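**Student:** I need the structure of the sequence given here:
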Amino acid sequence: MPNIPTLIHLRDEDDVAIAGADLGAGTETRVGGGAVVLRADAPRGHKVAVHDIAAGSAVRRYGQVIGFAGRDIAAGEHIHLHNLEYREFERAYEFAVDAQPEQLLPADQRATFQGYVRSDGKVGTRNYLGVLTSVNCSATAAKLIAQQMRFSGVLDDFPNVDGVVALTHGTGCGMAPDGEGIDVLRRVMRGYLTHPNFAGFLVLGLGCEDNQIVKLTEDVELRSGLPVVTATIQELGGTTKTVRAGVGRLTELLPEVDKVERTAVPASELVLGTNCGGSDSYSGITANPALGAAVDRLVAHGGTGIVGETPEIYGTEHMLARRAASREVGEKLLDKIAWWQDYTAKNGGSMDNNPSPGNKAGGLTTILEKSLGAVAKGGTTTLRDVVDYAAPVTSKGFVFMDTPGYDPVSVTGIVAGGANVVCFTTGRGSAFGCSPVPSLKLATNTPLYEHMSEDMDINAGSIIDGETSVEQLGEQIFDHVLRVASGEHTKSEDLGYGEEEFVPWHIGTVM
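**Tutor:** Residues are numbered from 1 along each chain as shown. Below you'll find the model as predicted:
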């Protein structure tokens, strides 16, 4: 039977402990050197005060401030929305004080995987054809083309082709022809056009949109030998003719695309994107730190790990600034935080607009608490760079990308930046994929893993169950990533997730 503690007290200085199971009022348990008697029911994953806390006092978890007591809180009380408040507080920014050179393994000790080496030197983990739309108006035709390719049986004779992905979205027109909005959309599209998991493209437009295909392709350096066919529905004479022509043009590419074969390449060619969605209070205890341990291992093998979701690391930026490679890198991160503070204020929002209802039901109370768990995905190594949304990630090691917290928008940017594998943690049960990149889903607790076993690849709840450690699970995640990069399917791939989750970040006015 799993050895699940009644209360999980992470650090001696923490004012709270986490319920390991649903606990009833009157339950007595030991924390540290003393006993705590619960004064009220505490659901699994929720917080319990380990001592009396005065009104207005900072409340700590992970050794860091997660909020402030809204009133006097007695030892044993359930702490949540009714008595814990979000407030701004001063944070000290000590740039680069914890930055250290990465401890790289000797070359002969580094792992390898079986990948597709492209002409520009990038390495793919999958081999897809893509139908990329310039505007929402061509989305239906693009989907029809991909569906006909999929269901006609034409792909059966080409075993090295993983499939056809239709990358559609809801914008591309009704926007300023210049400026941040269209620049971000084009940066995403160029990131996918240059992604090593694609072996060829049909770029499909309507014809009269703001986001003209010629503008998309004229400023991007495509790798040699990558076939890119462009067309518009207006040019081809309507939907039926477009679908027929699109299927024909992609079918012509299949023999050449099928010639590519996997070869052994070093793990340093892996770019691992990380994201968390549908989090709970265990996310920062199990899945996220275990994923961080896997990122640390990847960095030691010379690879790259990306963390995004800027609104969901809010309150931990001072910790990341300490790990920044330089003051310049740390200040780039703080500039992103300042942009988000201004952005939310302009739109009448707050940086504490998260956790979501599901996060709160899972025991998370403030954005500060959620962020402290989320940032653990980045492991412990030096923060090498901070990049814009969907910008190419060129640094090795741990990198931060400025993305929204909304999962599909965040991961779309991370994939556009070059991630060729994604690990996605969840404590509530997110259903997610991100074609053309395989996405591993990590459940934070065993009940979720067992309840949604068809969707979850890894059970991080084994840490709470006492069956493994964070470091041991991190090693297992790293090994699983290598297998997936070599062609092993994830649950989300088998279920067909990934196309609808292509959601470029829409910034700017819709006109």
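
**Student:** I'd like the next helix or strand past the helix or strand hosting residue 422.
**Tutor:** Counting by DSSP states H and E, the element that carries residue 422 is strand 421-426. Proceeding N to C from strand 421-426, the next assigned helix or strand is strand 439-443, under DSSP H and E.

**Student:** With only the CA atoms kept, save that following strand in CSV.
**Tutor:** Output of strand 439-443 as CSV, limited to C-alpha atoms (Å, rounded to 0.1, in the frame of the first residue of the first chain):
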residue,chain,number,x,y,z
SER,A,439,3.7,15.8,-25.7
LEU,A,440,4.2,13.6,-22.6
LYS,A,441,1.6,14.3,-19.9
LEU,A,442,2.6,13.9,-16.3
ALA,A,443,-0.1,13.4,-13.6
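
**Student:** what's the angle from the strand holding residue 422 to strand 439-443?
**Tutor:** 30 degrees (axes from the mean of the first three to the mean of the last three CA atoms, to 10 degrees).

**Student:** What strands line up against strand 421-426, and which way round?
**Tutor:** strand 271-276 (parallel), strand 439-443 (parallel) (DSSP bridges).

**Student:** Including mean neighbour count, distance to residue 144 and mean pLDDT, could the ones you listed go into a markdown table?
**Tutor:** Every C-beta, even on glycine, is put in place using the N, C-alpha and C of the backbone. As requested, those are exported to a markdown table (neighbours: other CB atoms under 10 Å; distance: least, CB to CB, whole Å; pLDDT from 0 to 100):
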| stretch | mean neighbour count | distance to residue 144 | mean pLDDT |
| --- | --- | --- | --- |
| strand 271-276 | 29 | 29 | 97 |
| strand 439-443 | 27 | 25 | 98 |
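
**Student:** how far does the strand holding residue 422 sit from the chain's center?
**Tutor:** Mean-position distance between strand 421-426 and its chain equals 6 Å (CA atoms, centre = their mean, to the nearest Å).

**Student:** Also stretch 122-142?
**Tutor:** For stretch 122-142 - counting by CA atoms, centre = their mean - the centre lies 20 Å from the chain centre.

**Student:** Can I get the strands paired with strand 421-426 in CSV including distance to residue 120?
**Tutor:** Below are those laid out as CSV (distance: least, CB to CB, whole Å):
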stretch, distance to residue 120
strand 271-276, 14
strand 439-443, 24
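
**Student:** Show me the one of these that comes nearest residue 96.
**Tutor:** Within the strands paired with strand 421-426, the stretch nearest residue 96 is strand 271-276; the backing value is 22.6 Å (CB to CB).

**Student:** Now the closest one - C-alpha only, CSV.
**Tutor:** Extracted in CSV, the C-alpha atoms of strand 271-276 (Å, rounded to 0.1, in the frame of the first residue of the first chain):
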residue,chain,number,x,y,z
VAL,A,271,14.9,21.0,-27.0
LEU,A,272,12.4,20.2,-24.3
GLY,A,273,9.4,22.4,-23.9
THR,A,274,7.6,22.4,-20.5
ASN,A,275,4.2,23.6,-19.5
CYS,A,276,1.7,23.0,-16.7
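
**Student:** What segments of the protein are helices?
**Tutor:** Counting by DSSP state H, the chain has helices at residues 139-151, 180-193, 213-218, 233-236, 239-257, 287-300, 317-323, 327-346, 357-361, 367-374, 407-416, 446-451, 470-485, 491-495.

**Student:** buried residues in the fifth one?
**Tutor:** Applying a neighbour-count criterion of 16 or more other CB atoms under 10 Å, the buried positions in helix 239-257 are 242, 243, 245, 246, 247, 249, 250, 251, 253, 254, 257.

**Student:** isn't the third one right up against residue 231?
**Tutor:** Spelled out, that is residue 245. Yes - counting by CB atoms under 8 Å, residue 231 is a contact partner of residue 245 at 6.6 Å.

**Student:** Which one of the helices of the chain has the poorest average confidence?
**Tutor:** Among these, helix 213-218 carries the lowest mean pLDDT, at a mean of 86.

**Student:** Perfect, I'm done here.
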